[in-house]
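A.B. asks: Here's a sequence, model it:
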Amino acid sequence: MKPEKKESLKNDIAAYGAVIALLLSAASFYWSYIYTKQQLDVTVTSVSYNTNQGEMYMTVAFSNGGNRDAALLRVEPALWSQKNGKKAEWVPLDVKVAKDVALTDPKVPMIVRAGGVEVVRLSAKLTAEAAEGAAVAAQGGAFLGVVVATMNSDGKLYLVQHPVARLDLDANGHIHGAEPTIHRSLGGFANSEGTPPGDQMQENEKTPFVWADQRN
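C.D. replies: Below you'll find the model as predicted:
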């Protein structure tokens, strides 16, 4: 190959390389500074109720599939309750099981980084009497749920509520076990007022482990 052709080929390759580098740089700039994807998935992974000790534990995973950070403002276990003839609602469980056991671990509020996952462990006091007293007769049990408050990078606020477990009662109205009432991830950037009995999907890879011991 003649020297001048070799030099021309080198120049062409260098030019192509410069164009590709420019395109990659433009794409990176667009992805980082212009394109916005807001996505936060909330997945309840386990619920355990030590009936005879009056202690409820729940684990919730927050997965940020977007390219902007998300703020987790609040996450609480809740009991579906109706008091004084008022409309039934989710009542947060906010009494510690012990002085040295935090309601959430790690503490909330917190940031869920873009592309990251955070797992929050919840714990709260719930006596068997209180749980059984909140039973919904028409639905055959008492319902535990999760309440989540979030904020996206645009400053918009969202509140998600959903039943996660049903405490089954025997003929005497006492707890004898539990079963999941959620089989999917929840959208963290949506306002959702989920009420019992929960979703009707079949068990799958997103169904949480749910357990409760029989009341003595």
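A.B. asks: Leaving out the residues flanking it, which one is nearest to the residue nearest the centre of the chain?
C.D. replies: By C-alpha atoms, centre = their mean, the mean C-alpha position of the chain lies nearest to V42, the distance being 2.3 Å. Nearest non-adjacent residue to V42, counting by C-beta to C-beta, 6 or more residues apart in numbering: L186, 4.3 Å away. C-betas here are computed from N, CA, C, even on glycine.
A.B. asks: And for Q214?
C.D. replies: Nearest to Q214 is H176, by C-beta to C-beta, 6+ apart, at 4.5 Å.
A.B. asks: Phi first, then psi, for that neighbour.
C.D. replies: phi -130, psi 10 (degrees, to the nearest 10).
A.B. asks: wait, what's in contact with it?
C.D. replies: By C-beta atoms under 8 Å, 6 or more residues apart in numbering, H176 lies in contact with 168-170, 214-215.
A.B. asks: if you set the cut-off to 7 Å instead, what comes out?
C.D. replies: Going by C-beta atoms under 7 Å, 6 or more residues apart in numbering, H176 touches 168-170, 214.
A.B. asks: next one: P208
C.D. replies: Contacts of P208 by C-beta under 7 Å, 6+ apart are 44-47, 164, 180, 182.
A.B. asks: Which residue, neighbours along the chain excluded, lies closest to it?
C.D. replies: For P208, the spatially nearest residue (C-beta to C-beta, 6+ apart) is V44, at 4.6 Å.
A.B. asks: do V97 as well
C.D. replies: E55 (4.6 Å).
A.B. asks: Please apply the same query to G141.
C.D. replies: R166 (4.4 Å).
A.B. asks: List phi and psi for the one you found.
C.D. replies: According to degrees, to the nearest 10, R166 has phi -110, psi 130.
A.B. asks: Who are the contact partners of it?
C.D. replies: Residues in contact with R166 (C-beta under 7 Å, 6+ apart) are 141, 143, 178-179, 181, 197.
A.B. asks: can I get those residues in a markdown table with distance to T150, pLDDT and secondary structure?
C.D. replies: Converted to a markdown table, the contacts of R166 look like this (distance: C-beta to C-beta, whole Å; pLDDT from 0 to 100; DSSP: H, G, I helix; E, B strand; the rest coil):
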| residue | distance to T150 | pLDDT | secondary structure |
| --- | --- | --- | --- |
| G141 | 29 | 90 | strand |
| F143 | 22 | 97 | strand |
| A178 | 27 | 97 | strand |
| E179 | 27 | 96 | strand |
| T181 | 21 | 97 | coil |
| P197 | 25 | 93 | coil |
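A.B. asks: wait, is A130 part of a strand?
C.D. replies: No - going by DSSP: H, G, I helix; E, B strand; the rest coil, the assignment for A130 is helix, not a strand.
A.B. asks: L167 is in contact with A178, isn't it?
C.D. replies: Yes - with contact defined as C-beta atoms under 7 Å, L167 reaches A178; the gap is 5.1 Å.
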